[in-house]
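Colleague: A structural model of the following input is requested.
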Amino acid sequence: MNSKNKVSQFLRRKNIVFSVKRYGIDALSAMAQGLFASLLIGTIISTLGDQFGIKLLVQIGTYAKSATGAAMAVSIGYALQCPPLVLFSLVAVGGAANELGGAGGPLSVFFAAVFAAEIGKLVSKETKIDIIVTPFVTIFAGVLFSIGFAPTIGTAASSLGAAIMWATELQPFLMGIVVSVLVGMALTLPISSAAICATLGLTGLAGGAAVAGCCAQMVGFAVMSFRENKWGGLLAQGIGTSMLQMGNIVKNPRIWLPPTIASAICGPIATCIFQLKMNGAAIASGMGTCGFVGQIGVYTGWINDITAGGKAAITAWDWCGLISVSFVLPAIITYAISLVFRRMKWIRENNLKLDL
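Modeller: Below you'll find the model as predicted:
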């Protein structure tokens, strides 16, 4: 047996698989869940505490947010199917990478956790003192990687995010379309739009456009497939995920056009007319109506702006913009376009049917 085959067998035995699916879909999606279970939910709890004057909620939320790096790293390790000692050791790696990565912490955590996880798997259960060797190697490799690369990765991610936000402020119409469509499509694809937004730190007007795009996909698919999927499908897609339609999109890509067109329309409406901004947690920009996290994020941003003195109060126009962009416009636009597509036979009976 040649050396190449030996290496391949060893990697297979260690469950190390170099693939776009494992890193670009599984790990990235898991990272978004880690962000949700720490930074996002912590922000929501803290906001509730601030609004109702409950100091305990503020304290709980603060603790949840402080665990962001660790939560992301462990989530990534779980997706990579790490052995227990490797998985638990990623707590330290995630904390280091998130701190050293600064504003671009999530992307730093992603690379550091993936690197440390795979290195840890290489040595896992290979010695009689595994309880010492595996945590040492995993933490040493991950933290060393973080020290060497996290600041650069973080700066690059935050710079790209800042460039997108700057461009959106400069050209709100054009960038409103681009951001809304791309982030919305990412939400429906089997990748994580939430992780992308968090990685880039996408807030402000760009974050508002991202919210619009995600809502257009979720609410759009929910409404236009109501005749096939009824109330179960409306709820599953409207406050769950439009990713459920991915199998149907592969069979008939034309069904993706109505919500995507709605994204292109709602994006500039959000940026140019309502000037909808996401100044809450960046991950909320890529959540849309999933658990109403996008809307909660916008509301949290309003509260942050008021506290910082940048906003006097939440106005009726603010609420009108949020409700219109999140629910009303995506539903009306997508449904209207879908009726035309059904008459043209671009969308046929049961093309949007889900197995619920």
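Colleague: Which of the helices or strands spans the closest residue to Ala206 other than its chain neighbours?
Modeller: Counting by C-beta to C-beta, 6 or more residues apart in numbering, Ala206 lies nearest to Thr168, which is 4.1 Å off, once chain neighbours are set aside. For the C-beta atoms, the positions are set from N, CA and C on the backbone; glycine is no exception. Here Thr168, judged by DSSP states H and E, is contained in helix 130-170.
Colleague: Taking helix 130-170 as reference, get the angle to the helix or strand just after that helix.
Modeller: Counting by DSSP H and E, the element after helix 130-170 in chain order, helix or strand, is helix 172-188. Here the directions of helix 172-188 and helix 130-170 differ by 150 degrees (axes from the mean of the first three to the mean of the last three C-alpha atoms, to 10 degrees).
Colleague: helices or strands up against the helix or strand just after helix 172-188?
Modeller: For helix 172-188, the following helix or strand on the C-terminal side (DSSP H and E) is helix 193-200. In terms of contacts (3 or more C-beta pairs under 8 Å, 6 or more residues apart in numbering; DSSP states H and E), helix 193-200 is packed against helix 28-35, helix 105-123, helix 130-170, helix 172-188, helix 204-224.
Colleague: Please work out which of the ones you listed is packed deepest.
Modeller: Greatest average neighbour count among those goes to helix 204-224 (a mean of 32), per mean count of other C-beta atoms under 10 Å.
Colleague: The next helix or strand after that helix - contacts with which helices or strands?
Modeller: Downstream of helix 204-224, the next assigned helix or strand under DSSP H and E is helix 226-238. Packing partners of helix 226-238 (3+ C-beta pairs under 8 Å, 6+ apart): helix 204-224.
Colleague: Roughly how far does the residue nearest the centre of the chain sit from Leu339?
Modeller: When C-alpha atoms, centre = their mean is applied to the chain, the residue found nearest the centroid is Ala194 (1.0 Å). As judged by C-beta to C-beta, to the nearest Å, Ala194 and Leu339 stand 31 Å apart.
Colleague: cool, and Arg13?
Modeller: Applying C-beta to C-beta, the value for Arg13 to Leu339 is 55 Å.
Colleague: and the residue nearest to Lys14 when sequence neighbours are not counted, what does it touch?
Modeller: Leaving aside its sequence neighbours, Lys14 sits nearest to Lys121 (C-beta to C-beta, 6+ apart; 4.9 Å). Residues in contact with Lys121 (C-beta atoms under 8 Å, 6 or more residues apart in numbering) are 14-16, 80, 82-83, 86.
Colleague: Tabulate the residues you listed (TSV), appending pLDDT.
Modeller: Listed next are the contacts of Lys121 as TSV, based on pLDDT from 0 to 100:
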residue	pLDDT
Lys14	92
Asn15	89
Ile16	91
Leu80	96
Cys82	96
Pro83	96
Val86	97
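Colleague: For whichever strand or helix holds Ser263, give the mean pLDDT please.
Modeller: For Ser263, the element it lies in under DSSP H and E is helix 257-268. The average of the pLDDT scores along helix 257-268 is 97.
Colleague: hang on, the earlier thing: could you export the helices and strands packed on helix 193-200 as TSV, including distance to Ala270 and mean pLDDT?
Modeller: Putting the helices and strands packed on helix 193-200 into TSV (distance: least, C-beta to C-beta, whole Å; pLDDT from 0 to 100) gives the following:
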stretch	distance to Ala270	mean pLDDT
helix 28-35	22	87
helix 105-123	24	94
helix 130-170	10	94
helix 172-188	6	95
helix 204-224	4	96
